[in-house]
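> how would this look folded up:
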Amino acid sequence: MLDYVAGLPAFLGYFAVGLAAYGVFAVIYTFLTPQKEVQLIRAGNLAAVTAFLGALVGFSLPLASAAANSVSIIDYIIWAVVGILAQILAFYIANFTMTDLHEKITGDDIAAGIWGGGIALVIGILNAACMTY
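Next comes the predicted model:
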């Protein structure tokens with residue numbers, strides 16, 4: 001019977017680190033972006049929702065890949081940090097490629113939100129694929 005749950009401690013460790021990584025990512029991301037995501041989302045700003053969810057999904061993909069491919073919790077943490085750095089890069093790419101992205105998202109320009117979230121997703125897909133080793 002215990003054989004069925006032999007992997008439970010590893011699961012719990014990886015899951016806890018993953019949840020903590022989401023928290024760290026969300027804090028860093030919302031600190032770096034000029035718009036106030038939480039306030040905008042609570043106000044019903046769809047552009048902010050789209051951009052932020054794109055960033056979260058873009059971070060989720062490499063985080064999942066790292067969990068599946070890492071050899072230890074430390075290895076997982078290192079790759080989670082790489083995932084955070086890749087999403088920071090995605091934010092700057094989106095900002096660089098769309099003029100006034102912050103103002104557009106704050107103004108609820110859905111296209112700007114999709115652009116920001118889409119860039120984050122594209123970078124996340126590439127990042128996740130590169131983490132399979």
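> which residue ranges form the helices in this protein?
Using DSSP state H, the helices of the chain run over 8-32, 37-42, 46-69, 73-97, 101-106, 110-130.
> quick one: low-confidence parts of the chain?
Of all residues in the chain, those with pLDDT under 70 make up the ranges 1, 133.
> got the helices of the chain as a markdown table, with distance to L2 columns?
Using the backbone N, CA and C atoms, a C-beta is placed for each residue, glycine as well. Shown next, in a markdown table, are these (distance: least, C-beta to C-beta, whole Å):
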| stretch | distance to L2 |
| --- | --- |
| helix 8-32 | 10 |
| helix 37-42 | 43 |
| helix 46-69 | 23 |
| helix 73-97 | 22 |
| helix 101-106 | 51 |
| helix 110-130 | 33 |
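> Which residues are in contact with the spatially most central residue of the chain?
Geometric centre of the chain, nearest residue: F59, 2.6 Å, by C-alpha atoms, centre = their mean. By C-beta atoms under 8 Å, 6 or more residues apart in numbering, the contact set of F59 is 21-22, 25, 83-84, 87, 120, 124.
> switch to 6 Å and redo it
Going by C-beta atoms under 6 Å, 6 or more residues apart in numbering, F59 touches 25, 83, 87.
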